[in-house]
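*Asks:* Here you go, sequence then predicted model.
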Amino acid sequence: MTNKKGFTTTLLHSDRLKKPEHGALHKPIHTSVTYGYDDVQDLVNVFQNKTNGYAYSRQGNPTVNALEHKVTQMENGFATVAFSTGMAAISSTIIALIKSSDHIVASSYLFGNTRSIFQSFMDMGLNITFTDATSVENIKNELKENTRLVFVETIANPATQIADLEAIGQLCAERGILYMVDNTMTSPYLFNPIDVKASLVINSLTKYVGGHGNALGGSVTDTGLFNWTNFPNIYEGFKKLKPATLGVTQIRKKGLRDAGGTLSPEAAHSISIGSETLALRMDRACSNALALANYFESHPNIKKVYYPGLANHPQHELAKKLFTRFGSLMSIEVDDSVDCFAFLNKLALVIKSSNLGDTRTLAIPVAHTIFNELGAEKRAEMGISDNMIRLSIGIEDIDDLIADFKNALG
Ligand SMILES: *Cc1c(COP(=O)(O)O)cnc(C)c1O
């Protein structure tokens with residue numbers, strides 16, 4: 001198979017084509033922590049990045065590497081480093097590439113824990129500016145001489161704002177700034193950030209890619225677009241390596257190896273199996289979500305629906321242009337006449353739970369839980385009201401979902 005195959009075909013045959021033992025169709029789960037060599041020179045070559053081999057599993061494992069290869073294929077990228085969680089991928093990548101003398105511009109609409117770790121980085125002396133990333137002008141206005149990185153999410157959680165992805169990519173490319181896009185909410189099936197000139201792509205593999213709520217994982221993919229040759233933060237010891245590999249090597253060594261957020265081979269295997277049906281699950285979940293968004297939109301007890309698939313969404317046209325579908329995450333605000341908690345408690349099928357991107361539909365009151373720590377003022381800034389409920393729509397039969405919401409809304 002030399003010519004490029006479709007998204008699902010590629011994933012289904014990815015392991016097999018690398019010829020694992022005994023004609024296995026899946027990459028086996030390799031649990032060895034360390035790897036032995038007959039000739040010590042071979043071990044030395046691995047340490048000196050002269051050959052691709054395994055030394056110690058904190059920074060590389062065959063099962064995890066097979067998943068990294070799949071993520072690279074899904075993202076049309078150059079290379080991927082997997083981590084224990086999406087948060088480990090984000091924090092380790094920034095630790096690996098950014099110095100305290102650098103400046104970061106980040107979207108003000110961020111996943112709560114990302115916002116929280118960015119606050120920790122600021123407390124350590126890093127300069128980060130938050131701005132409304134739905135317009136490139138806001139990003140442009142915040143750029144400084146030492147701005148090294150722009151960080152955005154594709155569809156923000158919970159209010160579904162969509163960053164001005166294409167224009168920001170163009171701006172970063174012109175200025176030679178790293179452009180890091182968290183693609184978790186869209187997943188590589190709906191969107192490839194390389195198409196808007198992203199340098200690095202984050203995925204929480206815990207969510208749609210794994211898809212079954214049974215394994216944590218995260219990844220960063222180097223798209224190959226960024227020119228690392230002139231990047232000032234490459235460590236002396238890596239400078240002799242091939243220019244294209246500088247970023248990903250530094251992320252693997254200074255990020256994964258040193259911070260130690262390693263993905264376990266067992267979790268890598270679960271995520272890998274999950275990824276085989278990403279496209280099928282996503283098609284179903286997105287079509288369920290659109291049907292439900294339309295149902296809520298016409299329901300008298302629902303005040304507001306946040307979903308990029310609705311024509312009244314502020315970035316609906318952008319979503320239509322960039323994404324294959326509109327995603328399976330939405331938020332609703334119930335009318336003041338409805339007791340938000342009572343409504344949630346009446347749901348029999350929909351699970352009151354955190355997480356998103358599961359095969360099952362999940363609901364959570366946002367202000368009281370995932371954004372509680374942030375405080376009322378920052379919540380208001382991020383457009384999060386007290387009776388906002390976030391829904392991650394699953395792949396159940398749509399009639400059952402509508403019946404459950406209908407019953408709970410009374
Ligand atoms: C969940 C999530 C993360 C963090 O991923 P974990 O695997 O839970 O650590 C990062 N970004 C976004 C957008 C997420 O939804």
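*Replies:* Perfect, thanks for sending it.
*Asks:* what's around the one residue in the chain that gets nearest to the ligand, how many residues?
*Replies:* As assessed by Cβ to the nearest ligand atom, the ligand sits closest to residue 86 within the chain, at 2.3 Å. To be clear about C-beta, it is placed using only N, CA and C from the backbone, and glycine gets the same treatment. Neighbour count of residue 86, defined by other Cβ atoms under 10 Å: 24.
*Asks:* Could you give the average pLDDT over whatever helix or strand residue 401 lives in?
*Replies:* Here residue 401, judged by DSSP states H and E, is contained in helix 398-409. The pLDDT scores in helix 398-409 average 97.
*Asks:* list the buried ones in it?
*Replies:* For helix 398-409, a neighbour-count test (16 or more other Cβ atoms under 10 Å) marks 398, 401, 404, 405, 408, 409 as buried.
*Asks:* Could I get the contacting residues of the residue of the chain closest to the ligand?
*Replies:* 182, 184, 202, 203, 204, 205, 206, 207, 217, 218 (Cβ atoms under 8 Å, 6 or more residues apart in numbering).
*Asks:* neighbours around the second one, how many?
*Replies:* Burial measure for residue 184: 28 neighbouring residues, criterion other Cβ under 10 Å.
*Asks:* how far away is the residue nearest to it when sequence neighbours are not counted from residue 45?
*Replies:* Distances taken as Cβ to Cβ, 6 or more residues apart in numbering put residue 204 closest to residue 184, at 4.3 Å, once the chain neighbours are dropped. Distance, residue 204 to residue 45, by Cβ to Cβ, to the nearest Å: 34 Å.
*Asks:* and these two? which has more neighbours close in?
*Replies:* Counted by other Cβ under 10 Å, residue 204 and residue 45 do not tie: residue 204 has more neighbours, with 28 against 15.
*Asks:* check contacts around the more buried one.
*Replies:* 85, 86, 87, 89, 182, 184, 217, 218.
*Asks:* One more: residue 92?
*Replies:* Residue 92 touches 83, 251, 255, 256, 259, 261, counting by Cβ under 8 Å, 6+ apart.
*Asks:* Provide the backbone phi and psi angles at the fifth one.
*Replies:* Read it as residue 259. phi -80, psi -20 (degrees, to the nearest 10).
*Asks:* quick one: terminal-to-terminal distance for stretch 242-261?
*Replies:* This stretch, stretch 242-261, spans 25 Å end to end (Cα to Cα, to the nearest Å).
*Asks:* For the residue nearest to residue 107 when sequence neighbours are not counted, the count of nearby residues, please.
*Replies:* Among residues not flanking residue 107 along the chain, residue 133 sits closest, at 3.6 Å (Cβ to Cβ, 6+ apart). By other Cβ under 10 Å, 25 other residues sit near residue 133.
*Asks:* confidence score at residue 133?
*Replies:* Residue 133 is given a pLDDT of 98.
*Asks:* That one and residue 163 touch, don't they?
*Replies:* Yes: with contact defined as Cβ atoms under 8 Å, residue 133 and residue 163 form a contacting pair (4.2 Å).
*Asks:* Surely residue 185 and residue 328 touch.
*Replies:* No: using Cβ under 8 Å, residue 185 is not in contact with residue 328; the gap is 9.1 Å.
*Asks:* Which one's more surrounded, these two?
*Replies:* residue 328 (32 against 27).
*Asks:* In contact with the nearest residue to the more buried one once chain neighbours are set aside, which residues?
*Replies:* Leaving aside its chain neighbours, residue 328 sits nearest to residue 285 (3.7 Å; criterion: Cβ to Cβ, 6+ apart). Contact partners of residue 285, counting by Cβ under 8 Å, 6+ apart, are 328, 359, 393, 394, 395.
*Asks:* Can you give me the separation between residue 285 and residue 26?
*Replies:* 24 Å.
*Asks:* And residue 194, by the same measure?
*Replies:* 27 Å.
*Asks:* quick one: which of the two has more around it?
*Replies:* residue 194 (22 against 15).
*Asks:* Quick check, that one in contact with residue 72.
*Replies:* No: between residue 194 and residue 72 there is no contact under Cβ under 8 Å: 10.7 Å.
*Asks:* Quick check: neighbours shared by those two?
*Replies:* By Cβ under 8 Å, 6+ apart, no residue touches both residue 194 and residue 72.
*Asks:* now the angle from the helix of greatest length in the chain to helix 398-409?
*Replies:* Longest helix in the chain, counting residues (DSSP state H): helix 278-297. On the basis of axes from the mean of the first three to the mean of the last three Cα atoms, to 10 degrees, helix 278-297 is oriented at 40 degrees to helix 398-409.
*Asks:* Could you export helix 278-297 as CSV, CA atoms only?
*Replies:* Output of helix 278-297 as CSV, limited to C-alpha atoms (Å, rounded to 0.1, in the frame of the first residue of the first chain):
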residue,chain,number,x,y,z
LEU,A,278,-12.9,7.5,15.8
ALA,A,279,-14.5,8.4,12.5
LEU,A,280,-17.6,6.2,13.0
ARG,A,281,-18.2,7.4,16.5
MET,A,282,-17.6,11.0,15.6
ASP,A,283,-20.1,10.9,12.7
ARG,A,284,-22.8,9.5,15.0
ALA,A,285,-22.1,11.7,18.0
CYS,A,286,-22.0,14.8,15.8
SER,A,287,-25.3,14.0,14.1
ASN,A,288,-26.9,13.3,17.5
ALA,A,289,-25.5,16.6,18.8
LEU,A,290,-27.0,18.6,15.8
ALA,A,291,-30.4,16.9,16.3
LEU,A,292,-30.3,17.7,20.0
ALA,A,293,-29.2,21.3,19.5
ASN,A,294,-32.1,21.8,17.1
TYR,A,295,-34.5,20.2,19.7
PHE,A,296,-33.2,22.5,22.6
GLU,A,297,-33.3,25.5,20.3
